[in-house]
Structures are given as structure tokens and as C-alpha cells.
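S.K.: return atomic coordinates for the entry below.
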Amino acid sequence: MLPTLQAESTQCCVTSPPYWGLRDYNHPNQIGVEPSPEIYVENLVKIFREVRRVLRKDGTLWLNVGDGYARNGGVGKCGPNAIVGNTRKLIQRRNCKVPDCWGLKDRDLMGLPWRVAFALQADGWILRSRITWIKKSAMPESVKNRPTNATEDIFLFTKSIKYYYNPDGVREPTGANLRNYWVLGPEPNAHGHPAAFPRELARRCILLGSSEGDTVLDPFGGCGTTGFAAKELNRESVIIEINPLYVEMSKVRANNAKKTRVKAKNS
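M.R.: Down below sits the predicted model:
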């Protein structure tokens, strides 16, 4: 879908691609099930090269990418982190092997967010900021040899040196400039997507990176969180999603939201 969009037609992109080796979204062309994390990074670079074409010259990219370990599973069906939501046996078996790249060793943290960030930087993006998303309620982990992961990275990339950024879009409660750590979530998740990010995360990125009437892009739309946040903030949006099931979920959410607004107006 990205190649069909007009060049320089969107103001900002807010997105979170599937994490490598974690879930199977049941589509032959999906991202995240590549045979190695190296190919995963290469594929993301190609996709975001097209995103750069679609962004206006002063546009921004807000990218949330998750990390993982070189061996995410055990030697059987019940190894550490071997079974996670919506994951198929193919991924579980592969995660029991250490990828043959980057000098990775058993139990190595792969550093995927930064590997993606550096690859995008080398491809022409300007890396302006790394924001740490601190999760109010982290997913439980049964590990006993390291701290439980409770943060993720959000990168701010720009297409050029001069870009649109509204420092007053979101500020600290004291009125100070927004810091590069955000304590967010969790939010109710009744729409069935296993990895939806908080709407507040999308809302902040949109407020900082666009104005009312601008168009926001999400090439990994999931259940439409970025689109709903954009609508609430009087922005247009282009949401691309490869899985028909999540497209239908987005439609249901949209219809429910319309009904809620009409009910509130009538009351």
C-alpha cells in the first residue's frame, strides 16, 4: 500500500512494527518472522525508506521497536518465554536457536531497537531522540537471573534538519519541556490485539509532531490505535494493516466509537 500513497502527503508517522520472533500474525508477507533478525532489520529499512518518501519535508517518524534475546525459548515446549500469546510452534522452535549474526551468543540481549535505529540512520534518517517508555504494569517474567523488562524504546526520526515539532503539544505537569521518559499504560484491551500500544503513546507523538488537519500515517496499524488517536485530535489518518482480522476489529471499534459519541450527544 505504501507505494500507492502520494509523495510528501503525510505529516508524521506513528507506528510499532511486529517485534522479531515473537508472534505470528498469520500472513505470508508479514514482518517479524524472518529467518534472522538481520533480515528483519533490512526489511524494516526498506519499508521506512518508503515512509520517508511519503512524509513531508518537515515530517517526523515516531517508532516503537521491542527487543528480544538471542535464544527466546527453551529446549522444549515449556522453556523460558517459549510460549507467548498468539505465537505458533514454528516461531517457538526457531527461538530455541541462537541467530548466526552480530556475534550473538546464548542469552544475549540482541539490542534490536538500536540496531534498527542505526540502520535507519545509515539509510538517511536523522535520529533526534530516544524516549524510554516506562510501563506502569510490566508483563510478568519468570526469570531469576536478570531484572524483569519494564521499558521499551520510542525513537524520533526526522526527514530533514528543519522539521515540525510542537514543544507545547505535550508538556510536563509543571509546565516544563517534556522529558524523554514516558510513564504510560496499561489500558483496557477488549479488541483482541495481543500487542496494542497505549493510545496515550500515540496521542503524545501526534500532538508533538503534527497540527490539526494534518495527516498521520501508521503502516503497521494493528487494531487502529494511531488512527483513533488522530481522529480525537482532529487529524486525518492513513492506517495500513496486513491482517484482515485486525482490519475488521478496527471497523468494529470505529462503529462503537460513533455510537458512543451519538449517545453522549443525545444525552
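
S.K.: how many neighbours does residue 136 have?
M.R.: By the criterion of other Cβ atoms under 10 Å, residue 136 has 11 neighbours. The C-beta positions use only the backbone N, C-alpha and C, and glycine is treated the same way.

S.K.: and residue 69, by the same measure?
M.R.: Residue 69 sits with 20 neighbouring residues when counted by other Cβ under 10 Å.

S.K.: for it, give me the pLDDT.
M.R.: Listed pLDDT for residue 69 reads 88.

S.K.: how about the one 3 residues further on?
M.R.: Residue 72 is assigned 56 on the pLDDT scale.

S.K.: and the one 5 residues further on, by the same measure?
M.R.: Predicted confidence (pLDDT) at residue 77: the value is 47.

S.K.: with residue 82 instead?
M.R.: For residue 82, the model assigns a pLDDT of 41.

S.K.: equivalent analysis for the one 4 residues further on, please.
M.R.: At residue 86, the model reports a pLDDT of 44.

S.K.: what do you get for residue 53?
M.R.: Predicted confidence (pLDDT) for residue 53: 98.

S.K.: need the nearest residue in space to it, chain neighbours excluded.
M.R.: Take residue 53 and drop its neighbours on the chain: the residue closest to it by Cβ to Cβ, 6 or more residues apart in numbering is residue 7, 5.4 Å away.

S.K.: specify the local secondary structure of the one you found.
M.R.: coil (DSSP: H, G, I helix; E, B strand; the rest coil).

S.K.: any idea how far residue 176 is from it?
M.R.: 37 Å (Cβ to Cβ, to the nearest Å).

S.K.: got it, and residue 153?
M.R.: Between residue 153 and residue 176 the computed distance is 22 Å (Cβ to Cβ).

S.K.: compare the two (neighbour count), which wins?
M.R.: residue 153 (18 against 8).

S.K.: gap between stretch 110-130 and the chain center?
M.R.: 14 Å (Cα atoms, centre = their mean, to the nearest Å).

S.K.: show me what the mean pLDDT comes to for that stretch.
M.R.: Stretch 110-130 comes out at a mean pLDDT of 98.

S.K.: repeat for stretch 229-243
M.R.: 93.

S.K.: what do you get for stretch 149-156?
M.R.: 96.

S.K.: then that stretch to CSV, C-alphas only?
M.R.: Provided in CSV are the C-alpha atoms of stretch 149-156 (Å, rounded to 0.1, in the frame of the first residue of the first chain):
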residue,chain,number,x,y,z
ASN,A,149,11.9,-5.9,31.5
ALA,A,150,9.6,-2.9,32.0
THR,A,151,10.7,-0.4,29.4
GLU,A,152,10.6,0.0,25.6
ASP,A,153,12.2,2.5,23.2
ILE,A,154,10.5,5.1,21.1
PHE,A,155,12.7,6.8,18.5
LEU,A,156,12.1,10.2,17.0
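
S.K.: which stretches in this protein count as helices?
M.R.: Here the chain has its helices, by DSSP state H, at 37-54, 89-94, 112-122, 199-209, 225-232, 244-266.

S.K.: what packs against the first one?
M.R.: Helix 37-54 makes packing contacts with strand 10-15, strand 55-65, helix 112-122 when contacts are defined by 3 or more Cβ pairs under 8 Å, 6 or more residues apart in numbering; DSSP states H and E.

S.K.: pairing partners for the second one, with directions?
M.R.: Going back to what we said before, that points to strand 55-65. strand 10-15 (parallel), strand 151-158 (antiparallel) (DSSP bridges).

S.K.: follow-up on the earlier one: in TSV: the helices and strands packed on helix 37-54, plus distance to residue 139.
M.R.: Shown next, in TSV, are the helices and strands packed on helix 37-54 (distance: least, Cβ to Cβ, whole Å):
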stretch	distance to residue 139
strand 10-15	21
strand 55-65	15
helix 112-122	17
